[in-house]
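[1] Show me the folded form of this:
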Amino acid sequence: MSDWIKLSPSDHVMIALRDLEPGETVQTDESGSTVKVLDQVPRGHKLLVKAVAQGDDVLKFGYSIGKAKEPIEPGHWIHTHNLETGLKGKLEYAYTPSPPSSSTVEQRKPKSAEQPLYFQGYARDNGEVGIRNEIWILNTVGCINKTCESLAKLAAAEYGDRVDGIHHFAHPYGCSQLGDDLKYTQKLLASLANHGNAGGVLIVGLGCENNQIDLFKQVLEGYDPNRIKFMRSQDVADELEEGMELIGQLVEYAEKFERRPVPVSKLKIGLKCGGSDGLSGITANPLVGSLSDHLIAQGGTAILTEVPEMFGAETILMNRACDEEVFNKIVDLVNDFKQYFINHGQDIYENPSPGNKAGGISTLEEKSLGCTQKGGHAAVVDVVPYGRRITAQGLNLLEAPGNDMVSVTALAAAGAHIVLFTTGRGTPFGGAVPTVKISTNSELAQRKRNWIDFNAGRLLEGKTMNELTEELFGQLLQIASGQEQTRNERNGYREIAIFKDGVIL
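    This next block holds a predicted model:
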């Protein structure tokens, strides 16, 4: 394995694949050029190989990842001490489409894309499909989280062997919320209630909350009373007894569904990264982008979110809009989120998290250029508001922040059957749907085997992108067909979080 990787001939930096020590000499390109290391450079961090003047752009991925704070000579470590963001204020955008060439798409297409593929899924009465046949318990208000938790445990013990699982998803909202803030909660929960992975859904209310069951039914915009049932806790003598009766009815309804061949074109995946490191944009994120392209080539759907982590790379996505209408939607998506930062007096271009910085990511544009690679090379076909469900097949952009729990929940609510979650530092977190943890490096995959489902670090150890795309896609179909569980499913880690932006009484 090489000691370094350089992503574009124009780059000023290379990425260290091992810790580099001051005084050693390392090769910096295929021609045999070398540079003397002047600082300690941790694995995954950047070593400057071309001199830059103060204020110059520093290039990685062939794009600027920020400005040099001072003149810097080759051999120095490039990080937050000598690199700052070059992003300032809100921007004006022009529609300059640049769709990928057919040759590029063909080169990235794995062999299995040449024939239609299927997985064993559940076809729902409303035309949706699911990869799990579960019973979900959703509460309209946080006051009854513990009631619903107790109900889920009782129901799992009584009915758990008749369905794929019985799960409650706790949250603290629904009481005293006003305006758009209440609508966020209602739309998000309604979209989850309509998810194909749930064979049956019990909606549990308290009775005095703002998010009343009668109002929530209107947000559902029509529902099958055999599949979704409701219970207002203040109106029944024993909410656990009543709840068990209703779940029993939902289990009977869900049992009529059996796995059968479903075209891969029906599959929707969510794209997410968290706990990133300097290898995220080199291994795991490009691999997920390759798989996304492969799924879309089969007629499937991929959903990219984390809008603040598009800042600095947004024009790449804008130029891939399928038409000018979608381009304008992307512009509104980005500018509206920037305005959200401004409304709360926050820096639009805040640096990455402490974990990201420790892993080698220095600026938001560097984070964004790596993050957006999860979207592959496909055209963007639609932009979807927070809490809404995807309707267009292909690559969709979804309004949601970068926070792991909030964005994974939004991806599930949008209809993602599975979330592909890339990470360089690791996380045990799992969302409402199977959450595939993909490590950027082999060390993490070996050390946290109870968290990680797939090791993308092998791209640095001789495996090709097409080989790992085929392997990951095969694993994805096994998970979708119920032949394999993700680590979060095995560990019982299933959580949701709802975006909040408003006043609570």
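[2] what sits up against the helix or strand containing Glu443?
    For Glu443, the enclosing helix or strand under DSSP states H and E is helix 442-447. Outside helix 442-447, the residues that touch it by Cβ atoms under 8 Å, 6 or more residues apart in numbering are 423-426, 439, 452, 454-455, 457-458, 460-461. All C-beta atoms are positioned from the backbone trio N, CA, C, and that covers glycine.
[3] Next, report how far it is displaced from the centre of its chain.
    For helix 442-447, the gap between its own C-alpha mean and the chain's C-alpha mean amounts to 21 Å (Cα atoms, centre = their mean, to the nearest Å).
[4] Okay, now the sheet partners of the next helix or strand after it, with direction.
    Reading on from helix 442-447 to the C-terminus, the next helix or strand found by DSSP H and E is strand 454-455. Each strand that strand 454-455 pairs with, and the sense of that pairing, follows from DSSP bridges: strand 435-439 (parallel).
[5] Which residues belonging to the strand it pairs with are considered buried?
    Applying a neighbour-count criterion of 16 or more other Cβ atoms under 10 Å, one finds 435-439 buried in strand 435-439.
[6] repeat for stretch 492-505
    For stretch 492-505, the neighbour count (16+ other Cβ under 10 Å) marks 493-499 as buried.
[7] What of stretch 65-80?
    With burial defined by 16+ other Cβ under 10 Å, the residues of stretch 65-80 counted as buried are 65-68, 72, 74-79.
[8] Any idea how many residues pack against Glu21?
    With neighbours defined by other Cβ atoms under 10 Å, the count for Glu21 comes to 11.
[9] for it, what are its contacts?
    Residues counted as contacts of Glu21 (Cβ under 8 Å, 6+ apart) are 37, 40.
[10] if you set the cut-off to 10 Å instead, what comes out?
    Neighbouring residues of Glu21 by Cβ atoms under 10 Å, 6 or more residues apart in numbering: 37, 39-41.
[11] Output these in a markdown table; the columns should cover distance to Gly207, pLDDT and secondary structure.
    What follows is the contacts of Glu21, written out as a markdown table (distance: Cβ to Cβ, whole Å; pLDDT from 0 to 100; DSSP: H, G, I helix; E, B strand; the rest coil):
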| residue | distance to Gly207 | pLDDT | secondary structure |
| --- | --- | --- | --- |
| Val37 | 67 | 94 | coil |
| Asp39 | 63 | 95 | coil |
| Gln40 | 61 | 95 | coil |
| Val41 | 60 | 95 | strand |
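[12] Filter those down to the buried ones, PyMOL style.
    Selection of buried members from those for PyMOL, criterion 16+ other Cβ under 10 Å:
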select buried, resi 37+39+41
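[13] Same list, the contacts of Glu21, but as CSV with distance to Glu314 please.
    As requested, the contacts of Glu21 are arranged in CSV below (distance: Cβ to Cβ, whole Å):
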residue, distance to Glu314
Val37, 35
Asp39, 32
Gln40, 34
Val41, 30
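[14] Farthest-apart pair in the contacts of Glu21, please.
    When those are compared pair by pair using Cβ to Cβ, the farthest-apart members prove to be Val37 and Gln40, with a separation of 8.3 Å.
[15] so what sits against both of the two?
    What both Val37 and Gln40 touch, as defined by Cβ under 10 Å, 6+ apart, is the set 20-22, 77.
[16] Secondary structure of Leu47: a strand, I assume?
    Yes. Leu47: assigned to a strand according to DSSP: H, G, I helix; E, B strand; the rest coil.
[17] Okay, the closest residue to it other than its chain neighbours and Glu309: tell me how far apart.
    Nearest residue to Leu47, sequence neighbours excluded (Cβ to Cβ, 6 or more residues apart in numbering): Val41, at 5.0 Å. Going from Val41 to Glu309 by Cβ to Cβ, to the nearest Å gives 25 Å.
[18] same check, this time on Gly502
    If you measure Gly502 against Glu309 using Cβ to Cβ, the figure is 23 Å.
[19] How about Ser362?
    Ser362 sits at a distance of 14 Å from Glu309 (criterion: Cβ to Cβ).
[20] In terms of neighbours, single out the busier of these two.
    When Ser362 is set against Glu309 and neighbours are counted by other Cβ under 10 Å, the residue ahead is Ser362, at 27 against 24.
[21] does that one count as helix, strand or coil?
    Per three-state DSSP, Ser362 ends up coil.
[22] That one contacts Thr80, correct?
    Yes. Ser362 is in contact with Thr80 according to Cβ atoms under 10 Å; the separation is 5.1 Å.
[23] what sits in contact with each of those two?
    When contacts are counted by Cβ under 10 Å, 6+ apart, the set common to Ser362 and Thr80 consists of 66, 351-352.
[24] Save those residues as TSV, and put in pLDDT, distance to Leu444 and secondary structure too.
    Below are the shared contacts of Ser362 and Thr80 laid out as TSV (pLDDT from 0 to 100; distance: Cβ to Cβ, whole Å; DSSP: H, G, I helix; E, B strand; the rest coil):
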residue	pLDDT	distance to Leu444	secondary structure
Gly66	92	26	strand
Asn351	72	23	coil
Pro352	77	18	coil
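[25] Check these against Thr283 and report the nearest one.
    Looking at these and their distance to Thr283, the nearest is Pro352, at 17.7 Å (Cβ to Cβ).
[26] How much space separates the closest one from Gly360?
    As for Pro352, its distance to Gly360 is 10 Å (criterion: Cβ to Cβ).
[27] Show me which of the two is the more surrounded one.
    Of the pair Pro352 and Gly360, Gly360 is the one with more neighbours under other Cβ under 10 Å, namely 25 against 22.
[28] and the closest residue to that one other than its chain neighbours, what is it in contact with?
    Counting by Cβ to Cβ, 6+ apart, Gly360 lies nearest to Gly278, which is 2.7 Å off, once chain neighbours are set aside. Contacts for Gly278 were tallied using Cβ under 10 Å, 6+ apart; they are 5, 15-17, 42-46, 60, 79, 356, 358-362, 366, 370, 424, 440-441.
[29] now the helices for the stretch 101-250 of the chain?
    In the stretch 101-250 of the chain, the segments counted as helices under DSSP state H, counting those that start in this stretch are 102-108, 145-159, 179-193, 213-220, 239-254.
[30] now those in CSV, with distance to Gly32 and mean pLDDT?
    What follows is these, written out as CSV (distance: least, Cβ to Cβ, whole Å; pLDDT from 0 to 100):
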stretch, distance to Gly32, mean pLDDT
helix 102-108, 28, 42
helix 145-159, 62, 97
helix 179-193, 55, 95
helix 213-220, 64, 94
helix 239-254, 64, 98
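[31] Give me the phi and psi for the residue minimising distance to the centre of the chain.
    Among the residues of the chain, Lys272 comes closest to the average C-alpha position under Cα atoms, centre = their mean, at 2.0 Å. With angles defined as degrees, to the nearest 10, Lys272 sits at phi -150, psi 150.
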